[in-house]
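> need a 3D model of the sequence below.
(5 chains)
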Amino acid sequence: MPEIVELNVGGVHYTTTLNTLLQEKGTLLCELFEGPEGRDSLAKDSKGRYFLDRDGVLFRYILDFLRDKALNLPEGFRERQRLLREAEHFKLTAMLECIRGDRDARPPGCITIGYRGSFQFGKDGLADVKFRKLSRILVCGRVAQCREVFGDTLNESRDPDHGGPDRYTSRFFLKHCFIEQAFDNLHEHGYRMAGSCGSGTAGSAAEPKPGVDTEENRWNHYNEFVFIRD
Amino acid sequence: MPEIVELNVGGVHYTTTLNTLLQEKGTLLCELFEGPEGRDSLAKDSKGRYFLDRDGVLFRYILDFLRDKALNLPEGFRERQRLLREAEHFKLTAMLECIRGDRDARPPGCITIGYRGSFQFGKDGLADVKFRKLSRILVCGRVAQCREVFGDTLNESRDPDHGGPDRYTSRFFLKHCFIEQAFDNLHEHGYRMAGSCGSGTAGSAAEPKPGVDTEENRWNHYNEFVFIRD
Amino acid sequence: MPEIVELNVGGVHYTTTLNTLLQEKGTLLCELFEGPEGRDSLAKDSKGRYFLDRDGVLFRYILDFLRDKALNLPEGFRERQRLLREAEHFKLTAMLECIRGDRDARPPGCITIGYRGSFQFGKDGLADVKFRKLSRILVCGRVAQCREVFGDTLNESRDPDHGGPDRYTSRFFLKHCFIEQAFDNLHEHGYRMAGSCGSGTAGSAAEPKPGVDTEENRWNHYNEFVFIRD
Amino acid sequence: MPEIVELNVGGVHYTTTLNTLLQEKGTLLCELFEGPEGRDSLAKDSKGRYFLDRDGVLFRYILDFLRDKALNLPEGFRERQRLLREAEHFKLTAMLECIRGDRDARPPGCITIGYRGSFQFGKDGLADVKFRKLSRILVCGRVAQCREVFGDTLNESRDPDHGGPDRYTSRFFLKHCFIEQAFDNLHEHGYRMAGSCGSGTAGSAAEPKPGVDTEENRWNHYNEFVFIRD
Amino acid sequence: MPEIVELNVGGVHYTTTLNTLLQEKGTLLCELFEGPEGRDSLAKDSKGRYFLDRDGVLFRYILDFLRDKALNLPEGFRERQRLLREAEHFKLTAMLECIRGDRDARPPGCITIGYRGSFQFGKDGLADVKFRKLSRILVCGRVAQCREVFGDTLNESRDPDHGGPDRYTSRFFLKHCFIEQAFDNLHEHGYRMAGSCGSGTAGSAAEPKPGVDTEENRWNHYNEFVFIRD
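Predicted structure coming up:
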């Protein structure tokens, strides 16, 4: 039968086991709760609960981490910085590493995707459905982040710069032409579309070059989509 | 009269019945609460409540599932991954299947809707109201997801590729011309508009072909709408 | 002096009066709490509170409904489906009708507003301020929803279709030319702008027709705004 | 030493002073708590707390109002309508006025800002940086709301209509040409950008008029920004 | 062993130490809790907790501040104004300065980023990938805020105005041409993209000047991105 410990963390009450509290060596919780004499010297509230003078709400995630040995925060969690502060206070090295690793693995930043496209008219426009025709999907942003998102589908062959992964480039493009696949890749990596803009092309006094379809030429446009990861 | 059970789940107190806790066979709750001798060996808090060393907040949805035998989470629920972890811990097979099935039935992804449109001028522009004129609504994205959203209204006849439902295509279009109906279909399936862009066409040095209305030709534009499901 | 009732609903404690609980006839609450012998047979928690094995959080809105005989949910309430389930369980017919009526009165859907516009140049462009010049505000979407939003300001005269109110149309327009008034109408009815796109027109090799202002002609554009109600 | 009052409001416990509760004359709280015999006749819960059969959560803001004599709600507060209902129930006239005044002072609505712009090329395009060149910032929306937002910077001289402040106009413009200042003004007054669209101009078969810079003419565009206040 | 203090702040219970409460000199908490005779004269609730007639929820952040001597609020915290009111009440000068300093260091406002761009065609369009070609990134907004965000990368050389840092300018540009770097800078400083719009250029009856690539000229466009900090 586990030894049950009742805690009062800044006024919020938790119940857990001694085993959970001592899960990680070298923490402030070990210093406080290891050995009966340590526990005896702890301050207690009027109901006999061990008292910790820290934020009561965030302690929920500290207990979760000690129980599961894994960080599992709510989506859209907005107290990461505050939780870091609590983990520091309790000297929870493993948890600190998780919170920081989590943040470093997903650095905030921006990636822009653009494509120059038109529609397939062909054979004098006889086809009854004109599908989207995309020449290239251009990718702009930080080198390391573009690589993280697009992996093998990224074509870097035209990027003449040999600087580090922290520089910005606008000379990457994708090996495929499915803009939705690019969007899905960005989404899977935590990027959200922040804005989008489209523009057409200007007409010209000159006749189009031979071999260029006039209608296709008229429908040329550039669409640009900005993705941001918080 | 049902047997009432008072629980202390990580410090949050719940009251329920033994019947509810034993609802699903083979769970950790059955192991713990089945038979009076099992219950007697359980740890209890200082008020005599049965103690479970797990997250107290998420246990609310576990009880709900046991009572109703159906998963019914709040809209925009942001602790799905955390709840999965709790269901695993309690060996709640049916609930795990529901959470995973829910997620699999609605895989995240992106669908793009575009249309080439203009306005009806006709008879030398005499009509006093020029309505929107849409030739085709183009649909791009993963095959399986496009089928899920548009069902019978999807025209796949021009998609020459015979790959699996996981490939991307940009050769689907709709059998009708109501862009709002397409938006509604996407919305009903959990997709939200993430961005939109419009572009016009270029003028040309050549005279338009016979039979082409000049004004209609000038107002040609392509509008593209990106929808994403989280 | 009212008879006070203390409740334990799945672990959340409420205090109310017997009168409030018996407010609506034929509910499960009446079955449970009507007559002292009924109450006596109810399960109680260790503090003597009447015990109900249901979700404790949502019971807040059930009590509110019984007290005020009106449904008054928080804006952006995200547990409507869950609340419906609770109301069903308690056989709260009037509340069920309110929740469903609320949902039916505001069906989700999409309405698109577009305008072809330019600027007033007039008299050889002498006016120093060129204001927006809008010919018509076009309205597209489901017939019933367009009528609900725009009421008397909707012009249906050019919609040749005589189908039911569930069909989609793109042949409605407004009787006035204030796009902001249209936006306000949509907003008042719970629609939110989801996207917007603009496009210009192409130049033409031909000279503009007599009576057409060249500058005004050049600035022609089509702006389209998509509104969605969740 | 103040007289402390413990309350049970629908199951949520509050502690306050008699003085705070009697702060505003003529309220239901005065009727209930004025004079010891009034208090004695009040219903009490099992712990001796005075019982009020109303929503427990919203009572937080009622106490705040009584303590500070000012309404100070959280940003993005979503239970305004519900709070109004509670204030009505307690006959808190001053609070009702504050909630309603707050709402009336910031009526929801939409304002559109647009500009026709290009870039400065000058002297045959010799300047190496081409800055944005904006002729006028146009303002469209309800007269009263435009005045509230832009105050002295609003130029109404070209608005020929002499109707009331509730009519819509599209003939206002700003006295300055900084679009960011306009955005800031809108933001300060609680308006949020809901959408934006841009469009270019069409080319023309005619040569531009003398004195018109060809490049500047080509880059002409109209950008429109829609702001909405909830 | 620290002296533990149990508080009842408007009905919410906190536990802390006397040391934490007396952390900052000159506060209302010092007036109340300094010296045993001060404490003895304090009002107490029925459980013997010291009673403070203020909002119970916000007191969490006040305790946090006293413990850590640093302000560490949740992201997206929506009760800043309310917290300010509480800090004033308790005469917490250091905390007041932090809340205000925080707000002043990040004044709300709007910055617009725009670029005139095209694509590299070069050598008669022989290169198979046409990358984005950006001449300048223009920056518009309040002088002080532009400087804060872009620091050394801001080129102010063409801004002829010598007014104060509160004036608006549209004559700044960046020393580099990576729009994603500009977006990242804005994001790091708390600005969020609120809208974006694109526009192309008009064709011209005239032949392009010698040395101007025809295709590049046709693809010219202006994209504008509006960022707002709340």
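> where do the helices of chain A begin and end?
Assigned by DSSP state H, chain A shows helices spanning A:18-21, A:28-33, A:36-40, A:59-68, A:80-89, A:93-105, A:143-150, A:179-188, A:214-218.
> name the residues of the shortest one that are buried.
Right, the one you point to is helix A:18-21. Across helix A:18-21, burial judged by 16 or more other C-beta atoms under 10 Å in any protein chain shown covers A:20-21. In short, each C-beta sits where N, CA and C put it, glycine included.
> now stretch A:159-168
A:159, A:168.
> so it, near chain E or not?
Yes: on the criterion C-beta under 8 Å from any C-beta of the partner chain, stretch A:159-168 is in touch with chain E at A:Tyr168.
> again with stretch A:17-30
No: Stretch A:17-30 lies out of reach of chain E by C-beta under 8 Å from any C-beta, never closer than 13.9 Å.
> quickly check: stretch A:21-36 near chain B or not.
No: if you take C-beta under 8 Å from any C-beta as the test, stretch A:21-36 misses chain B, and the best it gets is 10.4 Å.
> which residues sit against that stretch?
A:5, A:18, A:38-39, A:42, A:50, A:66-67, A:69, A:89-95 (C-beta atoms under 8 Å, 6 or more residues apart in numbering or on different chains).
> can you pick the most crowded of those residues?
For the contacts of stretch A:21-36, the largest number of neighbours (other C-beta atoms under 10 Å in any protein chain shown) sits with A:Met95, at 25 neighbours.
> distance of that residue from A:Leu83?
Applying C-beta to C-beta, to the nearest Å, the value for A:Met95 to A:Leu83 is 9 Å.
> does stretch A:138-150 come close to chain E?
Yes: for stretch A:138-150, a contact with chain E is found by C-beta under 8 Å from any C-beta, at A:138, A:140-142.
> near chain C too, which of those?
Okay, of these, nothing touches chain C (C-beta under 8 Å from any C-beta).
> now chain A against chain C: closest residue?
In chain A, the residue that lies nearest chain C is A:Gly203 (5.1 Å; C-beta to the nearest C-beta).
> if I read this right, A:Asp184 contacts B:Ile111, doesn't it?
No: here A:Asp184 does not reach B:Ile111: they are 10.1 Å apart, not a contact under C-beta atoms under 8 Å.
> would you map out the domains in chain A?
A:4-102, A:109-229 (the TED database).
> can you list those domains in TSV and add mean pLDDT and distance to E:Glu148?
Listed next are the domains of chain A as TSV, based on pLDDT from 0 to 100; distance: least, C-beta to C-beta, whole Å:
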stretch	mean pLDDT	distance to E:Glu148
domain A:4-102	85	21
domain A:109-229	90	19
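> and A:Glu86, how far from A:Leu42?
Counting by C-beta to C-beta, the gap from A:Glu86 to A:Leu42 is 18 Å.
> hang on, I meant A:Glu215
81 Å.
> list phi and psi for the residue nearest in space to the middle of chain A.
In chain A, the residue lying closest to the centroid (C-alpha atoms, centre = their mean) is A:Gly190, at 3.8 Å. Taking degrees, to the nearest 10, you get phi 90, psi 10 for the backbone angles of A:Gly190.
> follow-up on the earlier one: please name the residues that touch the residue of chain A closest to chain C.
A:218, B:202-205, C:202-203, D:203, E:202-203, E:218.
> got a list of what the closest residue to A:His176 other than its chain neighbours touches?
Of all residues not flanking A:His176 in the chain, A:Thr153 sits nearest, at 6.0 Å (C-beta to C-beta, 6 or more residues apart in numbering or on different chains). If you count contacts by C-beta under 8 Å, 6+ apart, A:Thr153 has them with A:174-176, A:181, A:185.
> can you pick out the most distant pair from those residues?
Largest separation among those by C-beta to C-beta: A:Lys175 and A:Asn185, giving 12.1 Å.
> the more surrounded of the two?
A:Asn185 (21 against 12).
> how about CSV for the domains of chain A, with distance to C:Phe33 added?
Shown next, in CSV, are these (distance: least, C-beta to C-beta, whole Å):
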stretch, distance to C:Phe33
domain A:4-102, 31
domain A:109-229, 49
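> what's the closest of those domains to E:Ile62?
Among the domains of chain A, domain A:4-102 sits nearest to E:Ile62 (C-beta to C-beta), with 11.4 Å.
> go through stretch A:99-109 and flag the buried ones.
Residues of stretch A:99-109 classed as buried: A:99, A:109 (neighbour count, 16+ other C-beta under 10 Å).
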